[in-house]
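Colleague: from the sequence below, what's the structure:
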Amino acid sequence: MTATTDASVHELMADIGRKARAAARRLARATSAGKVAALKAMAAEVRARAADILAANAADVAAMKENGAAASFIDRGTLDPARVEAIAGALEEIAALPDPVGRVLAAWTRPNGLRIERVATPLGVIGIIFESRPNVTADAGALSLMAGNAAVLRCGSDSLGTSQAILAALAAGLKAAGLPEAAIQLVPVKDRAAVGAMLTGLNGTIDVIVPRGGRSLVERVQREARVPVFAHLEGLCHVYVDKAADLDMAISITVNAKLRRVGVCGSAETLLVDRAVADSHLVPILKALHDRGCEIRATGEVRARFPDAVPATEADWSTEYLAPIISVALVAGVDGAIAHIESYGSHHTDSIVTADQAAADRFLAEVDSAIVLHNASTQFADGGEFGMGAEIGIATGKMHARGPVGVEQLTSFNYRVHGAGQTRP
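Modeller: A predicted model of the protein is given here:
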């Protein structure tokens, strides 16, 4: 469908919102078995339609290259048979999760005999605005469904064809399980006005917005949204190598954190090394990165020890490269590392490498990020790696959801009060 005016886009979006709200009411009473059946059917449909999905993706990727998209952007938007199978696998992993809806979060009885329960409920309708990664179509739709929510998805214009092919598989799975196909809808137009319409809440039909993309997208959503937002800022992730770090472990973690996949939000962008081990640890780590094609941008004292590094600018410390580039500085122990991360970090994911438990405990307690790791790569910043099946994103705010946004984070709660005729005096 093509919309050529803002008025027609708003009419389209209003209709999507009405359908989503109606679907959400049905999903609120869907059984666990029904949701699981739908997710398993979706996985089967993704596998059955793999050729269609890959063909649509090939066209999208060709257009990205023709338009001069960055290599990291193309990597995130590219599917191959293994990645399509990973989409299907994630759907099955979500199906295997406990149903978060209906959980009794707390219960107590008052002196007057009233029995009060706090029970997990769906949020309602979730609007997800994302860029680049077409697998988010399946992840976001499936997580929303498992939590009893309807989802309105708006993908990046460069992956619309791929996302539509994936949505066709999801819709077939919903239909096979007897659930409303409108439970997961994809905005079918590229007009930017569609994003604006979602941010207004679609006449009260959207309950929360989840942005997943770069700083410009997230800032626009936070600035313009009329509904609550689960913020997902860029991943300015740090690895700090402490004076008590094992050198081999520090090399392995740093290389993996930076280079396993440079285009993901959990990729490390800054390496901080305790000045106390600059002579023993710094050069071997930087050599391992440099030998694998990583550009080193560093302070003067780092370059004095590793001449292949280029000078870092002030902007480097707050840049999410999403490329084989890392900024490097020496710091004065844990204090210096925490101060640097507080100044430049995005509260996403940060890691300390150390054998000193006291240093690790302090880092974990004082670094104010959604995910903080000890002796592990920042690339574990992923809902699937947390056992959540998948994630909609990594929330970097502090209200309601923080860290990987999985099925539990996509629920709210209400209070259910059971009486036996009590009245208030």
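Colleague: before we move on, what's the pLDDT of Asn3?
Modeller: Not Asn; residue 3 is Ala. Ala3 carries a pLDDT value of 43.
Colleague: can you report how many residues neighbour the residue lying closest to His10 once chain neighbours are set aside?
Modeller: Nearest residue to His10 in three dimensions, chain neighbours excluded: Ala197, at 5.4 Å (CB to CB, 6 or more residues apart in numbering). Every residue, glycine included, has its C-beta placed from N, CA and C. For Ala197, the neighbour count with other CB atoms under 10 Å is 26.
Colleague: relative to Val189, how far out is Ala197?
Modeller: 11 Å (CB to CB, to the nearest Å).
Colleague: again with Asn203
Modeller: Between Asn203 and Val189 the computed distance is 18 Å (CB to CB).
Colleague: same thing with Ala165?
Modeller: 16 Å.
Colleague: who has more neighbours out of these two?
Modeller: Between Ala165 and Val189, counted using other CB under 10 Å, Ala165 has the larger neighbour count: 24 against 18.
Colleague: which residue ranges of the stretch 1-150 of the chain form strands?
Modeller: In the stretch 1-150 of the chain, the strands defined using DSSP state E, counting those that start in this stretch lie at 104-109, 115-122, 125-130, 150-154.
Colleague: between those strands, which gets nearest to Val262?
Modeller: Judged by CB to CB, the one of the strands of the stretch 1-150 of the chain that comes nearest to Val262 is strand 125-130, at 19.1 Å.
Colleague: and the closest one, what does it pack onto?
Modeller: helix 6-27, helix 135-146, strand 150-154, helix 193-199, strand 208-212 (3 or more CB pairs under 8 Å, 6 or more residues apart in numbering; DSSP states H and E).
Colleague: I'd like these as TSV, with mean pLDDT and distance to Cys294 appended.
Modeller: TSV is the format used below for the helices and strands packed on strand 125-130 (pLDDT from 0 to 100; distance: least, CB to CB, whole Å):
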stretch	mean pLDDT	distance to Cys294
helix 6-27	94	43
helix 135-146	95	26
strand 150-154	97	34
helix 193-199	94	35
strand 208-212	90	26
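Colleague: coming back round to it: hey, what's in contact with both of Ala197 and Val189?
Modeller: Counting by CB atoms under 8 Å, 6 or more residues apart in numbering, the contacts common to Ala197 and Val189 are Val9.
Colleague: show me where the protein has helices.
Modeller: According to DSSP state H, the chain carries its helices in the segments 6-27, 32-48, 50-66, 71-77, 81-95, 135-146, 160-176, 193-199, 215-224, 247-259, 283-291, 300-305, 333-344, 357-366.
Colleague: need the contact list for the nearest residue to Arg110 once chain neighbours are set aside.
Modeller: Leaving aside its sequence neighbours, Arg110 sits nearest to Ile116 (CB to CB, 6+ apart; 6.7 Å). By CB under 8 Å, 6+ apart, the contact list for Ile116 reads Ala107, Trp108, Thr109, Arg110, Tyr415, Arg416, Val417, His418.
Colleague: number of residues surrounding the fourth one?
Modeller: Neighbour count of Arg110, defined by other CB under 10 Å: 11.
Colleague: next up, phi/psi of it, please.
Modeller: With angles defined as degrees, to the nearest 10, Arg110 sits at phi -80, psi 160.
Colleague: how's the chain carved up into domains?
Modeller: 6-232+405-418, 237-380 (automatic domain parsing).
Colleague: so which of these is nearest Ala395?
Modeller: Short answer: domain 6-232+405-418, nearest of those by CB to CB, at 4.7 Å.
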